[in-house]
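Asks: Sequence first, then the predicted structure, then my questions.
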Amino acid sequence: MKKILVLCTGNSCRSQIAEGYLKYFSGNKAEVYSAGVETHGVNPLAVQTMLEDGVDISNHTSNNVNEYRDVDFDFVITVCDNAKERCPYFPSKAQKFHHNFPDPAKAKGTEEQIKEQFRMVRNMIKEYCSSFIKEHV
């Protein structure tokens, strides 16, 4: 079984969404983890946006990447430039992938405009995760 780590800055939005979709698309073919170089807690709008698409991430926790130092990952996916730059060295065979998604937590505007930004980023991450699982797992 493949082990996948999704890494972001605060493990609150993008990495949580990616973890949810990677689990969804991989079924029982992968163990998926997410973490941040910091921990900011799981963003309630990320949870809500995922529920709109039928994926429940309400039980996810915000974890620091150092918690997984002893896990031998097959893949490490960074989902923001900051995490890629600050990603600690993993002494493993892990293949590293990177895709910089916009941070929906930084969206400005009305409540509906902010929710729309979350949906847009969710859809981008969904497409990436679907392709990733088809190609690598």
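Replies: Looks like it arrived, so ask away.

Asks: quick one, phi/psi of Ile77?
Replies: Per-residue torsions, Ile77: phi -110, psi 120 (degrees, to the nearest 10).

Asks: who's it bridged to?
Replies: Per DSSP bridges, the residues bridged to Ile77 are Val6, Phe97.

Asks: ok, it to Gln95 distance?
Replies: Using Cβ to Cβ, to the nearest Å, Ile77 is found at 9 Å from Gln95. (Glycine included, C-beta is placed from N, CA and C.)

Asks: Those two - which one has more neighbours?
Replies: Ile77 (28 against 11; other Cβ atoms under 10 Å).

Asks: OK, contacts around the more buried one?
Replies: Shown in contact with Ile77 (Cβ atoms under 8 Å, 6 or more residues apart in numbering): 4-7, 18, 96-99, 132.

Asks: Of these, just the buried ones, PyMOL syntax please.
Replies: Those of these that count as buried under 16 or more other Cβ atoms under 10 Å are selected in PyMOL with:
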select buried, resi 4+5+6+7+18+97+99+132
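
Asks: wait, which of the contacts of Ile77 is closest to Val121?
Replies: Val121 lies nearest to Ala18 out of the contacts of Ile77, by Cβ to Cβ, at 10.3 Å.

Asks: wouldn't the closest one be in contact with Ile125 here?
Replies: Yes: if you go by Cβ atoms under 8 Å, Ala18 and Ile125 touch, sitting 5.2 Å apart.

Asks: Overlap of the contact sets of these two?
Replies: Val79.

Asks: TSV please, covering the contacts of Ile77 and showing distance to Glu31 and pLDDT.
Replies: Below are these laid out as TSV (distance: Cβ to Cβ, whole Å; pLDDT from 0 to 100):
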residue	distance to Glu31	pLDDT
Ile4	7	96
Leu5	10	95
Val6	12	95
Leu7	15	93
Ala18	14	98
Lys96	17	91
Phe97	17	94
His98	21	93
His99	20	95
Phe132	15	98
